[in-house]
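I would like to see how this sequence folds:
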Amino acid sequence: MPYLHFAVPEPEARRHFYRHTPSESHHRAPARHHDGPKARPRVEPPDFRLCVELGLLIRSRKHNYKSATGLAEEISTQLTRAGIRNHIADSGTSAVSSREWSITPERCIPDRLQDHRFGMKLVSPFVRFAKRPEAWQAQLRTVFQTLNSHFELTTSHQCYTHINVIPASGIWKLNHAKGLAKSTLYFERCLDSLVPPYRQKSVWAKSNRHNHYFGRLRMENCFAAIDEQEDFIALGNRMNWCNSLSPTATALGVKPGMDFQHETFRWSFVGLNEGDGLGPISFRQPPGSTSSSEVISWVMLVVCLARLSCGSSLLLNPFEKPELECLSEWLIYESEWCKVPHRSLLRDLISQATPISLEPGAGVDPLAIPTDDGKRLGETDNHRDLVLEKYRRLL
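Reported below is the predicted structural model:
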């Protein structure tokens, strides 16, 4: 059992995990019966803002478009009629709003021209997670109701759901970012069990735990290495360190001996290159979502994990093996603390966990990247970062 210590007010017993009596609080932490140090008062983590990226194959139910341009225009029109503010981000000069949905073709998703299906990206506004959770959930439901009513949504191995998070203030504290970094490494295999096998070994969501920097280290040494990082940029480099001899480097034309930072890992800390605590952190591993329920469940998982990691309450023992059952109880507990509606969706997501077929260390990078994927990887290396643009406008 990993040493997960969630500090709550006035515990009733000296245990690693505590349970409140009804008179103390209506929140109840998962109970475990181990002797341990007395809990400190709960250190409330920051609230978070989140931005969702949806990468999908989309086809109009009424028109057979020959390009993504007409499809993007119809998507924009239908969302506007449904009351969802949006705009088409079709060039590097078009304005991007942090308060609206952005629509654009997605080059990393292969189009299916014979079927009039195009890879499209929809990027949400930045919204507060815990302040008005019913608002962002309702907006996601409206978006998907509109899309499914007027379009056919399908997914491929290149489709995705990215969850981008930042503290509500817009600025990270270094110890908070380090706490989340440790959690991403420690619980990586637990989260792997929640995604399809093709997302466990995707070139678009490689392993942080077994990247070219951390892959040579034991978990306790990984934690020590994270603690040693003196600034955000150095932390981001370690979390997204890519080998210059990897197939990813070959696809990008990187010279041998020039290891580099790249965003195509399960968790991208590349946004921290903004410096001084600025920039979002992104969880990129979930597959494409065709319903609001899928997206809402991933949002709850990611933000609750971030809150637990940043609230000085999730104490991880690198010598112990992580367990999804234990982690899931704390994720659900945190969602209850935040009073987020529809928490059963988070439970459903976790209940669908499947055994991992990959050995530890697999999924770092495929032995070879198909030519088409390599080409798209190179094309998207300098793509427009709509999330970062929205973040900058938010500030």
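
C-alpha only now, for contacts and for neighbours.
Noted.

Sticking with the residue nearest to Ala306 when sequence neighbours are not counted, tell me its helix or strand.
Counting by CA to CA, 6 or more residues apart in numbering, Ala306 lies nearest to Leu180, which is 5.9 Å off, once chain neighbours are set aside. Using DSSP states H and E, Leu180 sits within helix 174-186.

Could you do Leu345 as well?
Leu345 belongs to helix 344-351, assigned by DSSP H and E.

Tell me which other helices or strands that helix touches.
helix 292-310, helix 324-337 (3 or more CA pairs under 8 Å, 6 or more residues apart in numbering; DSSP states H and E).

tell me the most buried of those?
Most buried of the helices and strands packed on helix 344-351, by mean neighbour count (mean count of other CA atoms under 10 Å): helix 292-310, with a mean of 23.

mean confidence for it?
Mean pLDDT, computed over helix 292-310, is 97.

Next, the angle helix 324-337 makes with that helix.
100 degrees (axes from the mean of the first three to the mean of the last three CA atoms, to 10 degrees).

for this protein, what helix or strand is lowest in average pLDDT?
helix 371-380 (a mean of 77; mean pLDDT, DSSP states H and E).

Now do that helix: everything it contacts.
107-108, 248, 251-252 (CA atoms under 8 Å, 6 or more residues apart in numbering).

from the residues you listed, which single one is nearest Leu194?
Taking CA to CA as the measure, Leu194 lies nearest Cys108 of those, at 22.8 Å.

just checking, the closest one is part of a strand?
No. Assigned with DSSP: H, G, I helix; E, B strand; the rest coil, Cys108 falls outside any strand and is coil.

That one contacts His157, doesn't it?
No. Counting by CA atoms under 8 Å, Cys108 stays clear of His157, with 10.5 Å between them.

out of those two, which sits in the more crowded spot?
Comparing Cys108 with His157 by other CA atoms under 10 Å, the one with more neighbours is Cys108, at 23 against 14.

Now that one: closest residue in space that isn't a chain neighbour?
Arg376 (5.4 Å).

Could you give the number of residues near the one you found?
16.

all strands of the stretch 101-250 of the chain, in order?
101-105, 118-123, 127-128, 151-154, 160-167, 241-242 (DSSP state E, counting those that start in this stretch).

mean confidence for the third one?
Per-region confidence: strand 127-128 scores 96 on mean pLDDT.

Name every strand pairing with that strand and say which way it goes.
Each strand that pairs with strand 127-128, with its direction, by DSSP bridges: strand 48-60 (antiparallel).

now the angle between strand 160-167 and the partner strand, please.
Using the same axes, to 10 degrees: strand 48-60 against strand 160-167 is 160 degrees.

which residues sit in contact with the spatially most central residue of the chain?
The chain has Phe283 as the residue nearest its centroid, 2.0 Å off, counting by CA atoms, centre = their mean. Neighbour list for Phe283: 162-164, 266-268, 302 [criterion: CA under 8 Å, 6+ apart].

So which of the residues you listed wins on neighbours?
Arg266 (31 neighbours).

Next up, the contacts around that one.
Applying CA under 8 Å, 6+ apart, one finds that Arg266 lies in contact with 204-208, 283-285.

if we take these, which one ends up nearest to Gly275?
Phe283 (19.4 Å).

now the closest one, nearest residue through space, not along the chain?
In space, Phe283 is closest to Trp267, 4.5 Å off (CA to CA, 6+ apart).

do Ser98 as well
Lys390 (4.4 Å).

Could you do Arg59 as well?
Arg117 (4.6 Å).

neighbours around the one you found, how many?
Neighbour number of Arg117 under other CA under 10 Å is 25.

Could you check how far it is from Ala72?
12 Å (CA to CA, to the nearest Å).

Tell me where the model's unsure across the chain.
Low-confidence segments of the chain, defined by pLDDT under 70, span residues 1-43, 91-92, 312-314, 358, 361-366, 381-382.

Could you rerun that using 80?
1-44, 90-95, 311-314, 357-375, 378-383 (pLDDT under 80).
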